[in-house]
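Asks: Okay, sequence plus prediction incoming.
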Amino acid sequence: MKQWFVVHTQPSKELVAQRHLLEQKYDVYLPRFKKICRHARKTREVLSPLFPRYLFIGIDLEIHSWRSINGTRGVSYLLTQDNCPLSLPSQIIEDLKQQENSDGILPLNCLVHFTKGDKLVILNGPFEGHTAIFEKLDDKQRVKVFLNFLGREMNVILSQDIIEAA
């Protein structure tokens, strides 16, 4: 029976590990999301792993030997305990896959775990360091917050990557 296991990859080698494990006919799952990168006043979207340095592999231990996984290019090791691979509940993988869009990408709104009224801290931009109150996530995946600034409460729309829980 196929079970899911966690593979720890070498730094920034998730795609390399995925490709080489697929070539060995393993069932591999690397959940990714679109991330906005800013550099030198330019912004671009890149696909980033949801869990940096980790991916999931589905194998039947009665059929496949798991030890060859550790020797695969891009792989550091398969997570084990007492020299046995640690399995992951299949429901976790199924839940992640159900939230993916048609391109196999996790939408950012499933990654935002704020509820209305949560306190947030703004990490970058003109309101850096200020505390805001989460209102909602809009249809363009931006965060709408209430911000008390200069003695007045204002609605501000921010990118998800410049806020965090207070």
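Replies: That came through fine.

Asks: Show me what the helix or strand harbouring Gly58 is packed up against.
Replies: Assigned by DSSP states H and E, Gly58 falls within strand 54-59. For strand 54-59, the helices and strands in contact under the criterion 3 or more Cβ pairs under 8 Å, 6 or more residues apart in numbering; DSSP states H and E are strand 3-9, helix 14-23, strand 27-29. Placement of C-beta: from N, CA and C, glycine included.

Asks: And the first one, how far out from the chain middle?
Replies: It stands for strand 3-9. Between the centre of strand 3-9 and the centre of its chain there are 15 Å (Cα atoms, centre = their mean, to the nearest Å).

Asks: which residue is nearest the middle of the protein?
Replies: For the chain, the residue sitting closest to the mean C-alpha position, by Cα atoms, centre = their mean, is Leu50 at 1.7 Å.

Asks: That one reaches Arg32, doesn't it?
Replies: Yes. At 6.2 Å, Leu50 counts as touching Arg32 under the criterion of Cβ atoms under 8 Å.

Asks: Could you pull out the residues contacting both of these two?
Replies: Contact criterion Cβ atoms under 8 Å, 6 or more residues apart in numbering; residues bridging Leu50 and Arg32 by contacting each: Leu106.

Asks: Break this protein into its domains for me.
Replies: Structurally, the chain divides into domains by automatic domain parsing as follows: 3-108, 119-165.

Asks: Comparing the ones you listed, which yields the minimum mean pLDDT?
Replies: Set side by side, these show their lowest mean pLDDT on domain 119-165, which sits at a mean of 84.

Asks: okay, how far is it across that one, tip to tip?
Replies: Distances were taken as Cα to Cα, to the nearest Å; on that basis the terminal residues of domain 119-165 are 6 Å apart.
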